[in-house]
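Chemist: coords please:
(2 chains)
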2 protein chains.
Amino acid sequence: MRFSARGSTQEVEDGLSFAPKFDADGLVTCVATDAASGEVLMVAHMNAEALAKSIESGEAWYYSRSRRALWRKGESSGHVQRIVEMRVDCDQDAVWIRVEQAGAGACHTGRRSCFYRAVPLGQKGALALEFHEQERAFDPATVYGTDKG
Amino acid sequence: MRFSARGSTQEVEDGLSFAPKFDADGLVTCVATDAASGEVLMVAHMNAEALAKSIESGEAWYYSRSRRALWRKGESSGHVQRIVEMRVDCDQDAVWIRVEQAGAGACHTGRRSCFYRAVPLGQKGALALEFHEQERAFDPATVYGTDKG
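Modeler: Here you go, the predicted structure:
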C-alpha cells in the first residue's frame, strides 16, 4: 500500500489521489457505522499500517492509543468488522467505514455500539446522561477476559 | 453548562455523569450524521465551549483547528445543523450528533457530505479514489465567499 504525498488543497479535496493527513501522532480518525442500520458503532484511530491493512484485507484494523499497539478488531473477541465500503473526507484526515459487525457488538463494555448513552439537550446546568441501550449484548468478562479488542 | 470531573473507568463507562475527555488540545471528536438518511455528513471537533453551546442551543457549534476559533455551523453559509439527538461514547472522548442539515449540504466544498469519495478495497499498490458524489449540491464560492462554515 502506497499513500500519495499531500498536494495542494485543490488536489487533496477534488483529486483522486489518496493522501491521508495523519496527525502529530500519525493517526487519522475512523468512524465505523453499521452497514445495515446506519448506527455509529465506534470512533477509533488508524495509523498508516492499520489503514493499509484495513484496505488490503477488507477488515477493520485500528491503532489503540491507550495500548500503543496495532489492533485487529475482533482479534480476541471474534467481533470482527467486515468493511463494506470505505470513504474519505474532504481534507483526508478522517475515514468512514460501513461495516458488517460480527458477534453481538462492537463495544468493549458489551454493548452493540459505543454510543449507548444520550446527552439531553436544551439544558444549562449539570446534566445526567440517559441510557439508550442499558442491557449488555454480551458479557465483556467472558468475551475479552482482561484484554480488549 | 457544567461538566463532571472524570471518575473511575467504571463511573465513566457505566455512570450517568457527563465527564467529557478533552484531548491535549482541549477537544473531543464529533461525528455528525444525517438524522433522516444516516449518512455521515462530517467529522469535526468541539472544545468545551462549543460542546456547551451545542447542548444549550440544540444547534451544532464546533471548534476549527485550522482557524483556531469557535465556529457556529452555518454561520456564514446558512447551512445550520439542528441536533435531533446527541450521544456520547463509552470513554466519553467522542460525541455523535444526529442532525437535520439545513441548506444543500454540510461540506465546504459544496457537497452534501464531506465523505464524497470512496477508497477501493482489496488493493495492495497505489490506489485511486472513486467519486461517490461528483456533483456539487451548491457553489461554495457563492455560499461561503472566502470564509468557511
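
Chemist: quick one: stretch A:121-131 to chain centroid distance?
Modeler: The gap between where stretch A:121-131 is centred and where its chain is centred comes out at 26 Å by Cα atoms, centre = their mean, to the nearest Å.

Chemist: got the end-to-end distance for it?
Modeler: 14 Å (Cα to Cα, to the nearest Å).

Chemist: And for stretch A:56-67?
Modeler: 23 Å.

Chemist: what does the longest helix along chain A rub up against?
Modeler: In chain A, taking DSSP state H as the definition, the longest helix is helix A:48-57. Outside helix A:48-57, the residues within contact range by Cβ atoms under 8 Å, 6 or more residues apart in numbering or on different chains are A:1, A:3, A:20, A:22, A:26, A:28, A:46, A:60-63, A:70-72, A:83, A:86, A:95, A:97, B:119-124, B:127. Just so you know, the C-beta spots here come from the backbone N, C-alpha and C atoms, and that holds for glycine as well.

Chemist: go on, stretch A:127-139?
Modeler: With Cβ under 8 Å, 6+ apart, stretch A:127-139 has contacts from A:103-105, A:109-113, A:115-120, B:1, B:15-18, B:55, B:87-88.

Chemist: Among those residues, name the ones in helices.
Modeler: B:Ile55.

Chemist: follow-up on the earlier one: tell me the mean pLDDT for the longest helix of chain A?
Modeler: Averaged across helix A:48-57, pLDDT comes to 97.

Chemist: Of all the residues in it, which ones are buried?
Modeler: Neighbour counts over helix A:48-57 (16 or more other Cβ atoms under 10 Å in any protein chain shown) mark A:Ala50, A:Leu51, A:Ala52, A:Lys53, A:Ser54, A:Ile55 as buried.

Chemist: number of nearby residues for A:Ala126?
Modeler: Per other Cβ atoms under 10 Å in any protein chain shown, the neighbour tally for A:Ala126 reads 11.

Chemist: rewinding a little: and the buried ones among the contacts of stretch A:127-139, selectable in PyMOL?
Modeler: Those of the contacts of stretch A:127-139 that count as buried under 16+ other Cβ under 10 Å are selected in PyMOL with:
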select buried, (chain A and resi 104+105+109+110+111+112+113+115+116+117+118+119) or (chain B and resi 1+15+17+18+55+87+88)
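
Chemist: what about the residue of chain A found nearest chain B, which helix or strand?
Modeler: Across chain A, the shortest distance to chain B (Cβ to the nearest Cβ) belongs to A:Gly38, at 2.7 Å. Using DSSP states H and E, A:Gly38 is not contained in any helix or strand.

Chemist: quick one: it and B:Ala35 touch, right?
Modeler: No. Counting by Cβ atoms under 8 Å, A:Gly38 stays clear of B:Ala35, with 10.3 Å between them.

Chemist: Looking at those two, which one has more neighbours?
Modeler: Ranked by neighbour count (other Cβ under 10 Å), A:Gly38 and B:Ala35 place B:Ala35 first, with 18 against 15.

Chemist: Can you name the residues that contact that one?
Modeler: Under the contact definition (Cβ under 8 Å, 6+ apart), the residues listed for B:Ala35 are B:Val84, B:Glu85, B:Arg98, B:Val99, B:Glu100.

Chemist: and the residues you listed as TSV, adding pLDDT and distance to A:Thr142?
Modeler: Below are the contacts of B:Ala35 laid out as TSV (pLDDT from 0 to 100; distance: Cβ to Cβ, whole Å):
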residue	pLDDT	distance to A:Thr142
B:Val84	98	35
B:Glu85	97	31
B:Arg98	98	32
B:Val99	98	37
B:Glu100	97	41
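
Chemist: Apply the buried test to the residues you listed and list what passes.
Modeler: By 16+ other Cβ under 10 Å, the contacts of B:Ala35 give B:Glu85, B:Arg98, B:Val99 as buried.

Chemist: touching chain B at all, the lowest-mean-pLDDT helix or strand in chain A?
Modeler: Sorted by mean pLDDT, DSSP states H and E, the helices and strands of chain A end with helix A:140-144, the least confident at a mean of 83. No. Contact of helix A:140-144 with chain B (Cβ under 8 Å from any Cβ of the partner chain) is absent, the minimum separation being 10.1 Å.

Chemist: Where does pLDDT dip in chain A?
Modeler: Low-confidence segments of chain A, defined by pLDDT under 70: A:134, A:146-149.

Chemist: and the residue of chain A closest to chain B, what does it touch?
Modeler: B:Thr33, B:Ser37, B:Gly38, B:Glu39.

Chemist: Now list the buried members of those residues.
Modeler: B:Thr33, B:Glu39.

Chemist: Tell me the one of the contacts of A:Gly38 nearest chain A?
Modeler: Nearest to chain A among the contacts of A:Gly38 is B:Gly38, at 2.7 Å by Cβ to the nearest Cβ.
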